[in-house]
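Enquirer: need a 3D model of the sequence below.
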Amino acid sequence: MIYDIQALGKRAYKKTGMLVPSGLPIQLKTKVAWEAIDQVRIVPRRDGYVVEVVYQKAEQQAAVDPKLVAALDPGVNTLATLTSTKPGFIPRLVSGKPIKSRNQYYNKQREHHQKHLAKQQRFSSRKLDQITTKRNRRINAYLHTASRRIIDLLVEEGIGKNPLWKQEVEMGKKNNRQFVQERSNAKRHALGKLHRAVWQPAHKPAANAACGIGHGDGAGGRRHSAGCMHGK
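Expert: Numbering: from 1, shown residues only. Purely as a prediction, here's the structure:
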């Protein structure tokens with residue numbers, strides 16, 4: 001369901017700061033200014049609904065030197081290895097063990113629930129959907145936090161170019177499978193924001209798009225924040 005600005009109740013927002021989608025008995029709290037709001041999307045999921053507030057925000061060029069180069073190598077136990085051509089730059093390692101641990105715990109939970117479901121000749125349940133959602137949120141939160149800290153570090157160091165982004169990882173069949181399962185699109189999205197947020201060529205104007213930490217980026221300068229509602 002998509003609600004444009006005309007279906008969100010401007011009067012209610014001005015009084016309470018809450019968005020009120022037309023025809024729904026709900027109020028949505030948001031920190032986004034009314035003038036920036038583009039639309040609200042309510043997306044059904046297996047265990048509830050995700051509410052996305054889509055808004056406009058111009059992208060700003062970071063004050064960095066495009067002559068300084070950074071390289072990032074993704075992995076499993078080490079989520080990212082970061083180095084640079086900047087003299088005196090200290091290489092950093094971002095641990096991937098919290099994600100690996102969370103994924104292993106989730107696999108044990110899923111296996112336990114699937115054994116019980118098999119006895120009932122079922123393949124899924126509300127409980128299984130809930131633990132999957134919880135696992136995905138925790139992994140996404142860790143990835144977005146890591147990407148935000150890497151962005152902040154590179155901006156602080158004034159590093160402005162990344163031609164050495166490693167696109168593929170060869171770690172053996174077992175580790176590659178684990179890497180894909182743990183990261184999937186979430187890692188590509190979270191760490192991919194580094195290029196958009198930091199490594200914009202200095203001679204080009206900033207694009208009309210925003211890079212949100214913990215949020216999905218949309219086309220046409222859109223950005224959205226998301227919240228969740230449970231209980232169908």
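Enquirer: pLDDT of stretch 33-40, averaged?
Expert: For stretch 33-40, mean pLDDT is 92.
Enquirer: could you chop the protein up by domain?
Expert: Domain assignment for the chain, taken from automatic domain parsing, gives 2-58+218-230, 67-205.
Enquirer: tell me if residue 22 really is in a helix.
Expert: No: Residue 22 is assigned coil when assessed by DSSP: H, G, I helix; E, B strand; the rest coil, not a helix.
Enquirer: not counting sequence-adjacent ones, nearest residue to it?
Expert: Nearest residue to residue 22 in three dimensions, chain neighbours excluded: residue 7, at 4.2 Å (CB to CB, 6 or more residues apart in numbering). In this view, the C-beta of every residue, glycine as well, is placed from N, C-alpha and C.
Enquirer: now do the phi/psi pair for residue 45.
Expert: Dihedral pair for residue 45: phi -120, psi 180, per degrees, to the nearest 10.
Enquirer: burial check on it, number of neighbours?
Expert: Neighbour count for residue 45, taken as other CB atoms under 10 Å: 13.
Enquirer: over to residue 140?
Expert: What residue 140 shows, counting by other CB under 10 Å, is a neighbour count of 16.
Enquirer: would you mind measuring from it to residue 52?
Expert: 14 Å (CB to CB, to the nearest Å).
Enquirer: give the other helices and strands that the longest helix anywhere in the chain contacts.
Expert: Secondary structure assigned by DSSP state H gives helix 126-157 as the longest helix of the chain. If contacts are counted by 3 or more CB pairs under 8 Å, 6 or more residues apart in numbering; DSSP states H and E, helix 126-157 sits against strand 65-74, strand 78-84, strand 92-95, helix 97-119, helix 173-197.
Enquirer: report the buried residues of it.
Expert: Across helix 126-157, burial judged by 16 or more other CB atoms under 10 Å covers 128, 131-133, 135, 138-140, 142-144, 146-148, 150-151, 153-154, 157.
Enquirer: what lines up beside the strand or helix carrying residue 49 in the sheet?
Expert: Following DSSP states H and E, one finds residue 49 within strand 48-56. The sheet places strand 48-56 alongside strand 37-45 (antiparallel), strand 222-230 (antiparallel), with pairing taken from DSSP bridges.
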